[in-house]
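K.L.:
Fold the following, please.
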Amino acid sequence: MEFETRNYTNEQVQVVQAAFMSKVYSWMSGGLAITGLIAMYVASIEGIELMIQQNMMLFYGLFIGEFLLVGYLIARINKMSAQTAALIFTGYAALNGLTLSVVFMIYRSESIASTFFVTAGTFAVMSAYGYYTKKDLSSWGNLLFMALIGFIIASVVNFFMQSTMLYWLITYVGVFVFVGLTAYDTQKIKNMSTANDIGSEGEAKSAIVGALMLYLDFINLFLLLLRVCLLYTSDAADERSSVD
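P.N.:
Presented below is the predicted three-dimensional model:
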């Protein structure tokens, strides 16, 4: 991948890249914090589970709202201010917190915590690989994109088929897809860092878009690993029950 380097020396490029990635990770971490706090708060409200069950149109409406926000941010990023982009990203993270509150109703807090740390560790390793590797990962792009499209289509199909085998196949394939995307997106974002002047409006907007990319990689990886966690905890519970 070739991006404009604005006549920086190699040393200056490294400094600019490090500063830019720090902004990206700060925005991503802030988004995750907003999502997590809102999800925990909503899940703690008495009677919220019953309300969600009785208002599934609202639940799906939130999902649609999230997709519209992401699509609008990506499509209009060049025509909006950095403040507007930041507001949309924050709003998306908040909406995601509302929809992900169901996670705290389905899974035990111990499973959520352990899966979060596993996800954070995996994300950190793959993101570090994408940042520091000298290998050009652009060849991963088409493969990962096709795999992602297949993952989405298979997920929609299995929503109607309800196949257990396909469910777990989708889950494990999804884990590998988002692990790969974490490294690929990190390198892509890193190489974008010198395309704008330091401290410019363009740099601020690029950092927000980069944060959104990594935020989505993290959230999807977390949710898929939660599925795996549920499988193994269920198996362990079944084994204990059979022994008893």
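K.L.:
Going along the chain, name the strands of the chain.
P.N.:
For the chain, applying DSSP state E gives no strands.
K.L.:
where does it dip in pLDDT?
P.N.:
Counting by pLDDT under 70, the ranges of the chain that qualify are 1-8, 49-50, 52-54, 56, 58-60, 232-244.
K.L.:
mind running it again at 80?
P.N.:
Scanning the chain for pLDDT under 80 picks out the ranges 1-10, 46-64, 67, 106, 194-199, 230-244.
K.L.:
which residue is nearest the middle of it?
P.N.:
Note on the chain: the residue nearest the mean C-alpha position is residue 216, at 2.0 Å, using C-alpha atoms, centre = their mean.
K.L.:
Would you quantify the distance from the nearest residue to that residue once chain neighbours are set aside to residue 165?
P.N.:
Nearest-residue entry for residue 216: residue 70, 7.9 Å, with adjacent residues in sequence omitted and distances by C-beta to C-beta, 6 or more residues apart in numbering. Where C-beta positions appear, they are placed from N, C-alpha and C, glycine not excepted. Separation of residue 70 from residue 165 (C-beta to C-beta, to the nearest Å): 31 Å.
K.L.:
Who has more neighbours out of the two?
P.N.:
residue 70 (16 against 9; other C-beta atoms under 10 Å).
K.L.:
Please name the residues that touch the more buried one.
P.N.:
The contact partners of residue 70, by C-beta atoms under 8 Å, 6 or more residues apart in numbering, come to 92, 212, 216.
K.L.:
Can you tell me the closest non-neighbouring residue to residue 73?
P.N.:
Per C-beta to C-beta, 6+ apart, closest to residue 73 is residue 88, 4.8 Å.
K.L.:
Does that neighbour touch residue 74 like I think?
P.N.:
No: applying C-beta atoms under 8 Å, one finds residue 88 not in contact with residue 74, separated by 10.0 Å.
K.L.:
For these two, indicate the residue with more neighbours.
P.N.:
Taking other C-beta under 10 Å, residue 88 and residue 74 do not tie; residue 88 has more neighbours (19 against 11).
K.L.:
List the contacts of the more buried one.
P.N.:
69, 72, 73, 80.
K.L.:
For those, could you give me JSON lines that also reports distance to residue 146?
P.N.:
Formatted as JSON lines, those follow (distance: C-beta to C-beta, whole Å):
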{"residue": "69", "distance to residue 146": "25"}
{"residue": "72", "distance to residue 146": "25"}
{"residue": "73", "distance to residue 146": "24"}
{"residue": "80", "distance to residue 146": "30"}
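K.L.:
Between the residues you listed, identify the one with the most neighbours.
P.N.:
Of those, with other C-beta under 10 Å as the count, residue 73 tops at 21 neighbours.
K.L.:
and that one, what does it touch?
P.N.:
Neighbouring residues of residue 73 by C-beta under 8 Å, 6+ apart: 85, 88, 89, 92, 208, 209, 212.
K.L.:
What is the burial count for the fourth one?
P.N.:
Counted by other C-beta under 10 Å, the residues lying close to residue 92 total 24.
K.L.:
Next: residue 207.
P.N.:
A count of nearby residues for residue 207, using other C-beta under 10 Å, gives 27.
K.L.:
that older thread, okay, the contacts of residue 70 in a markdown table with distance to residue 18 next?
P.N.:
Below are the contacts of residue 70 laid out as a markdown table (distance: C-beta to C-beta, whole Å):
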| residue | distance to residue 18 |
| --- | --- |
| 92 | 26 |
| 212 | 20 |
| 216 | 23 |
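K.L.:
mind checking the longest helix of this protein?
P.N.:
helix 201-243 (DSSP state H).
K.L.:
quick revisit: ok, now how distant is the residue nearest to residue 73 from residue 66?
P.N.:
Applying C-beta to C-beta, the value for residue 88 to residue 66 is 11 Å.
K.L.:
Residue 16 too?
P.N.:
32 Å.
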